[in-house]
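Participant: predicted model, plus sequence, below.
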Amino acid sequence: EIFIPSIEAMNKEGRSFSGCLYFGLMLTEDGPKLIEYNCRFGDPETQVVLPLLTSDLLDIMISVTNKNLDIANITFSKENACCVIMASKGYPQKYDTGFEINIPKELENVYIAGAKIQDGKLITSGGRVIGVTEKGKTLKEAPFWNANFVDPFEQNNPAEWLEGRSALYAWDRLTGKVCL
């Protein structure tokens, strides 16, 4: 009731869309409600899905451009993933910036968002600073359910900027949904 009518409306207006379109939904007592459309690759919803993609992303993008996505081989890992957002203290309201960020070497899927390089150092410059994604066979096995993967980040960064585990985004392979 939301996806197909949205695509049909864009096509009817002559605004057909090619690419990745995220539908931000809120489930209510009256059914799902559309909050936003999003087509950026930097959001936590993408950060939790892309590490599970086993197909070549460039091949998929070329298929979208050539309008033959229907014949593309798109496959995902059978794992689940969990992304933890490390946010500036005070986010989403008022927060300070300019604090140095130290990323532990053992973390692999690190997405830098609200940060910039200044004087050769990575410093905070926004609210949602870092997203870290890990995988597991089940959501409970996704390493972020185990504090061993978040604690090193929290221990290596000053409490004056780090809000901590401000949000968890998880990809449930059984339902094919991003959960918060």
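Facilitator: Ah, there it is. These numbers come from a predicted model, not from an experiment. Numbers count the residues shown, from 1 in each chain.

Participant: for this protein, what are the low-confidence residue spans?
Facilitator: 42, 140-180 (pLDDT under 70).

Participant: what about Lys12, how many neighbours?
Facilitator: By other C-beta atoms under 10 Å, the residues close to Lys12 number 9. Placement of C-beta: from N, CA and C, glycine included.

Participant: list phi and psi for it.
Facilitator: Dihedral angles of Lys12 (phi, psi; degrees, to the nearest 10) stand at phi -60, psi -40.

Participant: what about it, distance to Gly24?
Facilitator: 22 Å (C-beta to C-beta, to the nearest Å).

Participant: try Arg128
Facilitator: Distance, Arg128 to Gly24, by C-beta to C-beta: 15 Å.

Participant: is Met26 in a helix, a strand, or coil?
Facilitator: strand (DSSP: H, G, I helix; E, B strand; the rest coil).

Participant: may I have the phi/psi pair for the residue nearest in space to the middle of the chain?
Facilitator: By C-alpha atoms, centre = their mean, the chain has its centre lying nearest to Pro44, at 1.8 Å. Main-chain dihedrals, Pro44, degrees, to the nearest 10: phi -60, psi -30.

Participant: that one and Ile85 touch, don't they?
Facilitator: Yes - contact criterion C-beta atoms under 8 Å: Pro44 and Ile85 qualify, at 5.7 Å.

Participant: now the strands for the chain?
Facilitator: In the chain, the segments counted as strands under DSSP state E are 22-28, 31-38, 80-88, 109-112, 115-118, 121-124, 128-136, 162-172, 177-179.

Participant: closest to Ser16 out of the ones you listed?
Facilitator: strand 31-38 (13.9 Å; C-beta to C-beta).
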